[in-house]
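*Asks:* Fold the following and give me the result.
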Amino acid sequence: MNQKFDLKQSVKGDRLIRHVLLANGFSTGAFGLLLIFFSHFVATLTGLESSSALVGTGLFLVIFVAFVFWTVKMNFIPPLNVLIFSVVDFLWVIGSIFLISKDGTSFTMTYLGIWAVGLVALVVGIFAIFEFYYWWINRLLKMPRDVVN
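*Replies:* Below you'll find the predicted structure:
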């Protein structure tokens with residue numbers, strides 16, 4: 001039984017996850033650059049007082065985006081990579097909930113800040129659900145060694 005590995009028949013949701021990852025990458029990249037280059041403005045607008053923390057978050061997001069785009073360029077999108085993206089996105093949502101719920105203890109967020117953090121968390125949560133679904137339906141799929149970018 002020498003069967004040739006057929007990516008089109010074996011991988012489920014490949015086209016959808018590529019679009020989801022691209023949307024995630026572009027939106028996250030834009031948000032990361034916004035945090036890097038306009039951190040003081042974002043801090044003032046949202047009530048998040050630490051501009052340096054916003055710059056650090058922006059740098060993390062840009063690095064995250066590099067890995068997302070690297071994965072999208074692959075012929076076969078490994079489910080494990082997508083699971084990692086999903087976990088990071090879910091952690092972002094949990095962190096956003098913590099940030100909103102912590103309001104008033106060490107800083108005071110503006111209403112615009114609360115809405116912005118909530119909206120971003122909602123979008124990131126949707127990305128995380130699609131990513132987790134892709135991993136779930138392809139989790140048992142093993143990539144043969146001869147399938148390379």
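
*Asks:* I'd like to know which helix or strand in this protein has the lowest mean pLDDT.
*Replies:* Scoring the helices and strands of the chain by mean pLDDT, DSSP states H and E places helix 7-10 at the bottom, with a mean of 55.

*Asks:* Mean confidence (pLDDT) on the helix or strand just after it, please.
*Replies:* In the C-terminal direction, the helix or strand that comes right after helix 7-10 (DSSP states H and E) is helix 14-37. Over the span of helix 14-37, the pLDDT mean works out to 96.

*Asks:* for stretch 125-137, same thing?
*Replies:* Average pLDDT, stretch 125-137: 96.

*Asks:* distance between that stretch and the chain's centre?
*Replies:* Offset of stretch 125-137 from its chain centre (C-alpha atoms, centre = their mean, to the nearest Å): 11 Å.

*Asks:* Would you mark the buried spots in the longest helix along the chain?
*Replies:* With secondary structure taken from DSSP state H, the chain has its longest helix at helix 111-138. Residues of helix 111-138 classed as buried by neighbour count (16 or more other C-beta atoms under 10 Å): 113, 116-117, 120-121, 123-125, 127-128, 130-135, 138. Glycine gets a C-beta too; all of them are placed from N, C-alpha and C.

*Asks:* The residue most central in space within the chain is in what secondary structure piece?
*Replies:* For the chain, the residue sitting closest to the mean C-alpha position, by C-alpha atoms, centre = their mean, is Asp89 at 4.7 Å. Using DSSP H and E, Asp89 falls within helix 79-101.

*Asks:* how about that helix: buried residues?
*Replies:* Neighbour counts over helix 79-101 (16+ other C-beta under 10 Å) mark 79, 81-86, 88-90, 92-93, 96, 99 as buried.

*Asks:* Next, the angle helix 111-138 makes with it.
*Replies:* In terms of direction (axes from the mean of the first three to the mean of the last three C-alpha atoms, to 10 degrees), helix 79-101 departs from helix 111-138 by 160 degrees.
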